[in-house]
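# for reference, the sequence and a predicted model appear below.
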Amino acid sequence: QIVAFVGFLELFVMKDSANGAEPGDFPGDFRNGALDFGWDTFDEETKLSKRAIELNNDHAAQFGILGLMVHEKLGEIDMAVDLPIIGMLQ
């Protein structure tokens, strides 16, 4: 069911200009006029600021998850004791 739902979204809802839909304001603009939430009421400087904030939050989340995965693997192979700084903390 999940695969069918994601396939439906990819084919019919989340279209960009490469799929024949109207081109958006910027790459990755998948609004298609359905959900706006007032984006068009912002000035260009505010739009640029909000997009930069969103990108920074995305990068922070990716690094956080990467840190969790690395921490999980370090504990799994018991390598944390052999690391110079972490070994001294225990």
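Thanks, I have it.
# the protein: helices as residue ranges?
All helices of the chain, identified by DSSP state H, fall at 2-8, 44-76, 84-89.
# what's the closest of those helices to Phe37?
Closest to Phe37 of the helices of the chain, according to C-beta to C-beta: helix 44-76, at 11.0 Å. Heads up, the C-betas are built off the backbone N, CA and C, glycines and all.
# for this protein, give me the ranges with low pLDDT.
Within the chain, the stretches with pLDDT under 70 are 15-36, 75-90.
# try it again at 80.
Along the chain, segments meeting pLDDT under 80 span 10, 12-40, 72-90.
# picking up where we left off before, which one of the helices of the chain is the most hemmed in?
Compared across these, helix 44-76 shows the largest average neighbour count, a mean of 11 (mean count of other C-beta atoms under 10 Å).
# in CSV: the helices of the chain, plus distance to Phe37.
Output for the helices of the chain, formatted as CSV (distance: least, C-beta to C-beta, whole Å):
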stretch, distance to Phe37
helix 2-8, 22
helix 44-76, 11
helix 84-89, 44
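# quick one: which of the ones you listed is nearest Met14?
When the helices of the chain are compared by C-beta to C-beta, helix 2-8 sits nearest Met14, at 9.7 Å.
# what does the closest one rub up against?
The contact list for helix 2-8 (C-beta atoms under 8 Å, 6 or more residues apart in numbering) is empty.
# from now on call the first residue 591
In the new count, where the first residue is 591, that last one comes out as helix 592-598.
# of all the helices of the chain, which lies closest to Gly628?
Among those, helix 634-666 comes nearest to Gly628, with 10.7 Å by C-beta to C-beta.
# show me what the closest one is packed up against.
Taking 3 or more C-beta pairs under 8 Å, 6 or more residues apart in numbering; DSSP states H and E as contact, there are no helices or strands that helix 634-666 lies on.
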